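S.K.: got a predicted model here, sequence first, then my questions.
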Amino acid sequence: MAHTVPIGQKWWSGGRSPFNVEYGKLMMWYFLMSDAFTFGAFLISYGTIRFSSSSWPNPNEVFKSFPFIGEMTVPLAFVSLMTFILIMSSVTMVMAVGAGQAQDRKAVMKWMFLTILGGLAFLGCQAWEWTHLHNEGAWWGRNPFMNIDGTQSTTNFTNFFFTITGFHGFHVFSGVIINTIMLIKTWRGDFQRTGHYLMIEKAGLYWHFVDLVWVFVFTCFYLL
């Protein structure tokens, strides 16, 4: 016999979706899908301009500086460090989610703190990179870098770079704020009283999405 919902009871009662997924987590997936479309539009636009151009600046020449050291012989050393920091913060977030599932409050606090620290370190690295490029004359509407074939480059390179990396940096900053709120709520024992750490899992979904997007940004701007 088919299951019927009692009169007056809605199908989403109990906080679960019709897909047998916790309702808040389902809404987070919807948000991330919509955000992925935005990032996808940015990156597709960039790729269209990039590969329709006869030449483009060499990323090994543009991104060759390292804080307190100067120009490096190893290409992309600093951005590789940035990528490593963000990936490791994703690992600590996984550990925080696992600790939450095990109801280990102290471990959740430890791993969330390390995740926040990783996010702040990444933002600090990005701030240095932007400042360095700005000091070299790069900004929206300004591009001091020559194409790899020696011809003058257009401002498409810098316009896309600062827009897309800035948009991603805003997401990292938002993630740090969200994770900080989750850390405070964990410290206060809010999740321990409710008996679950689902909010940590939702914050983790957002943080992993931000990390995944960086892989595509890194590939498009620094490797191609």
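M.R.: Arrived safely, thanks for sending.
S.K.: show me where pLDDT drops low in the protein?
M.R.: 1-21 (pLDDT under 70).
S.K.: now do the strands in it.
M.R.: Secondary structure of the chain by DSSP state E: the strands cover 65-66, 70-71.
S.K.: select, out of those, the one closest to Leu86.
M.R.: strand 65-66 (17.4 Å; C-beta to C-beta). (Each C-beta comes from the backbone N, C-alpha and C, glycine too.)
S.K.: contacts for that closest one?
M.R.: 71-72, 77-78, 132 (C-beta atoms under 8 Å, 6 or more residues apart in numbering).
S.K.: farthest pair within those residues?
M.R.: Pairwise distances across the contacts of strand 65-66 (C-beta to C-beta) peak at 13.4 Å, for the pair Ala77 and His132.
S.K.: quick check: neighbours shared by these two?
M.R.: Between them, Ala77 and His132 share no contacting residue, judged by C-beta under 8 Å, 6+ apart.
S.K.: check which residues of the longest helix along the chain are buried.
M.R.: The helix spanning the most residues in the chain, taking DSSP state H as the definition, is helix 156-188. Going by neighbour count (16 or more other C-beta atoms under 10 Å), the buried part of helix 156-188 is 156-162, 164-165, 168-169, 171-173, 175-176, 178-180, 182-183, 185-186.
S.K.: what's the most buried one of the strands of the chain?
M.R.: Ranked by mean neighbour count, the strands of the chain are led by strand 65-66 with a mean of 16 (mean count of other C-beta atoms under 10 Å).
S.K.: just checking: what are the partner strands of that strand?
M.R.: Applying DSSP bridges, strand 65-66 is found paired with strand 70-71 (antiparallel).
S.K.: how about residues contacting the partner strand?
M.R.: Strand 70-71 is contacted by residues 64-65 when judged by C-beta under 8 Å, 6+ apart.
S.K.: just how off-centre is it within its chain?
M.R.: 27 Å (C-alpha atoms, centre = their mean, to the nearest Å).
S.K.: over to stretch 214-224?
M.R.: Using C-alpha atoms, centre = their mean, the distance between the centre of stretch 214-224 and that of its chain works out at 13 Å.
S.K.: same question for stretch 149-168.
M.R.: 20 Å.
S.K.: and what of stretch 77-92?
M.R.: Distance, centroid of stretch 77-92 to centroid of chain: 11 Å (C-alpha atoms, centre = their mean).
S.K.: can you point out the buried residues in it?
M.R.: Per 16+ other C-beta under 10 Å, stretch 77-92 contains these buried residues: 78-79, 82-83, 85-86, 88-90, 92.
S.K.: got the contact list for Trp214?
M.R.: For Trp214, counting by C-beta under 8 Å, 6+ apart, the contacting residues are 83, 86, 168.
S.K.: just give me the closest of the residues you listed to Leu26.
M.R.: His168 (24.5 Å).
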